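K.L.:
have a look at this prediction, sequence included:
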Amino acid sequence: MNQGREAPLGRAYYGPPIPREQRYEQRNRSCYCCLLSTLIKTFIAFCLALGITALVLWLVFRPNRVEVSVEKASLTSFNLTATSPTNLHYNLSADISIRNPNKKIGIYYDWLEADPFYQGHRFDWQALPSFYQGHKNTTMLYPVFEGNSAIGLGVSDVEDFNKENKTSFFNVDIWLFGQVRYKFGSVTTRRYTMRVKCELGLPLLANPAASFTRTECDVVDY
């Protein structure tokens, strides 16, 4: 005699019934997978919408890079003491113009500093004020560098200094470093790094035969 359970004649047999706890577990797992899939799809759609919005704003407003120039500069002292390391005594001031040429874009300058370099060596730095710059607006900055600094000039650098010292005309770079944000209407972007290089030919104030020429700067990053 067969002891196993047999399906009644004329009916299909699908096995023993699934326990209620197992059915609930399968249903909860299915709901969790659906919820996770929905969240992922929503996140992807949000990122796509944000990217498309940023692209449209960029194409509509088309931001141009800022225009930076040194309008005036004065070098009243620039002496090198031949010690080890070499010591530079300096007094340098500059009138720096920053212009926003855009018609529909404002710029937040959240952080800004000016660093002077001689022969590739930084000899000072100065923090500049943070500010907001409106459309087609020009802002003037007035950094002043004064003091002495130990800079590690090599033999060739010292020779170049001596040559320039004979003419009382020195080549000094001023770099501007900053963090900026752009404002498109009511939308403000994330922070971007700004780097500007100003290559200056500076006559000593005691040199009456030379004068400073207005210099446009190179906006490296913005």
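P.N.:
Right, received. Where do you want to start?
K.L.:
what packs against whichever strand or helix holds Met194?
P.N.:
Per DSSP states H and E: Met194 is located in strand 192-203. If you count contacts as 3 or more Cβ pairs under 8 Å, 6 or more residues apart in numbering; DSSP states H and E, strand 192-203 packs onto strand 67-81, strand 86-100, strand 169-184, strand 215-216, strand 218-221. Using the backbone N, CA and C atoms, a C-beta is placed for each residue, glycine as well.
K.L.:
average pLDDT for it, rounded please.
P.N.:
Mean pLDDT, strand 192-203: 96.
K.L.:
in that strand, what counts as buried?
P.N.:
By 16 or more other Cβ atoms under 10 Å, the buried positions in strand 192-203 come out as 194, 196, 198, 200, 202-203.
K.L.:
nearest to Tyr182, of those?
P.N.:
The closest of these to Tyr182 turns out to be Met194 (Cβ to Cβ; 10.8 Å).
K.L.:
residues contacting the closest residue to that closest one other than its chain neighbours?
P.N.:
Leaving aside its sequence neighbours, Met194 sits nearest to Gly178 (Cβ to Cβ, 6 or more residues apart in numbering; 4.4 Å). Applying Cβ atoms under 8 Å, 6 or more residues apart in numbering, one finds that Gly178 lies in contact with 109-113, 128, 193-194.
K.L.:
so how far is Asp115 from the residue most central in space within the chain?
P.N.:
The residue lying closest to the centre of the chain (Cα atoms, centre = their mean) is Thr193, at 0.8 Å. Separation of Thr193 from Asp115 (Cβ to Cβ, to the nearest Å): 14 Å.
K.L.:
can you tell me how far the residue nearest to Thr188 when sequence neighbours are not counted is from Leu88?
P.N.:
In this structure, Thr188 finds its nearest non-sequential neighbour in Arg181, 5.4 Å apart by Cβ to Cβ, 6+ apart. Taking Cβ to Cβ as the measure, Arg181 falls 36 Å from Leu88.
K.L.:
how about Met194?
P.N.:
Met194 sits 27 Å away from Leu88, taking Cβ to Cβ as the criterion.
K.L.:
pLDDT weak spots in the chain?
P.N.:
Applying pLDDT under 70 to the chain flags the ranges 1-32, 54-55, 57-62, 207-209.
K.L.:
same thing but 80
P.N.:
For the chain, residues meeting the criterion pLDDT under 80 lie at 1-37, 50-51, 53-63, 82-84, 206-210.
K.L.:
related to what we said a few turns ago, put together TSV for the helices and strands packed on strand 192-203, with distance to Gln119 on each row.
P.N.:
Formatted as TSV, the helices and strands packed on strand 192-203 follow (distance: least, Cβ to Cβ, whole Å):
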stretch	distance to Gln119
strand 67-81	10
strand 86-100	10
strand 169-184	8
strand 215-216	18
strand 218-221	19
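K.L.:
run the chain-centre distance for stretch 175-188.
P.N.:
Counting by Cα atoms, centre = their mean, to the nearest Å, stretch 175-188 is centred 9 Å from the centre of its parent chain.
K.L.:
for stretch 95-114, measure first residue to last.
P.N.:
Terminal residues of stretch 95-114 are spaced 12 Å apart (Cα to Cα, to the nearest Å).
K.L.:
name the residues that touch stretch 138-149?
P.N.:
71, 87-100, 112, 114, 116, 123-124, 126, 128-129, 131, 133, 174.
K.L.:
return the list of strands paired to the strand holding Met194, each annotated with direction.
P.N.:
Strands that pair with strand 192-203, judged by DSSP bridges, come out as strand 169-184 (antiparallel), strand 218-221 (antiparallel).
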